[in-house]
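> got a sequence here, can you build the structure:
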Amino acid sequence: MEPPNSNSVRSATSPSLVTDHALLRYLERFEQVDIQAARTRLEHRLSTGRIPELLDFVGDAEFRIRLGRDTFCGRGGRIVTCWRDEGDPKAAPNPIRGPLETGSHDV
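Model (predicted):
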């Protein structure tokens, strides 16, 4: 199989050539990133304090958990994405928002 030529670069609006699953497997198999260890660390971080109770509370609803500069979003008690706020963590809100946007809760 020949590599694509330089004229076939995809635009920002077209789908990526590489799926998230393929990227995950690449990191695991070619870059030797221990995916299971990373999952275990993340699960440990999210299993402390009131977080398990809050995940049970939201049920199938979408949710957002903010821990310091880190935000974790999910649905149905599972994390689906996350990001780190590079700004001042005190300037950003510190909410865990439920389906009714009921207000802020410290975790």
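> dihedrals phi and psi, residue 54?
Comment: the main-chain dihedrals of residue 54 come out as phi -70, psi -40, following degrees, to the nearest 10.
> wait, it touches residue 65, no?
Yes - applying Cβ atoms under 8 Å as the test, residue 54 and residue 65 come out as touching, 7.3 Å apart. C-betas here are computed from N, CA, C, even on glycine.
> tell me which of the two has more neighbours.
It is residue 65, of residue 54 and residue 65, that has more neighbours when counted by other Cβ atoms under 10 Å, with 23 against 16.
> quick check, the more buried one in a helix?
No - Residue 65 sits outside any helix when classified using DSSP: H, G, I helix; E, B strand; the rest coil, being strand.
> how close does it get to residue 29?
Separation of residue 65 from residue 29 (Cβ to Cβ, to the nearest Å) stands at 30 Å.
> now residue 16
Applying Cβ to Cβ, one obtains 19 Å for the distance of residue 16 from residue 29.
> one more: residue 70?
Relative to residue 29, residue 70 is positioned 27 Å away (criterion: Cβ to Cβ).
> next: residue 73.
Using Cβ to Cβ, residue 73 is found at 27 Å from residue 29.
> same deal with residue 80?
To residue 29, residue 80 is 23 Å away according to Cβ to Cβ.
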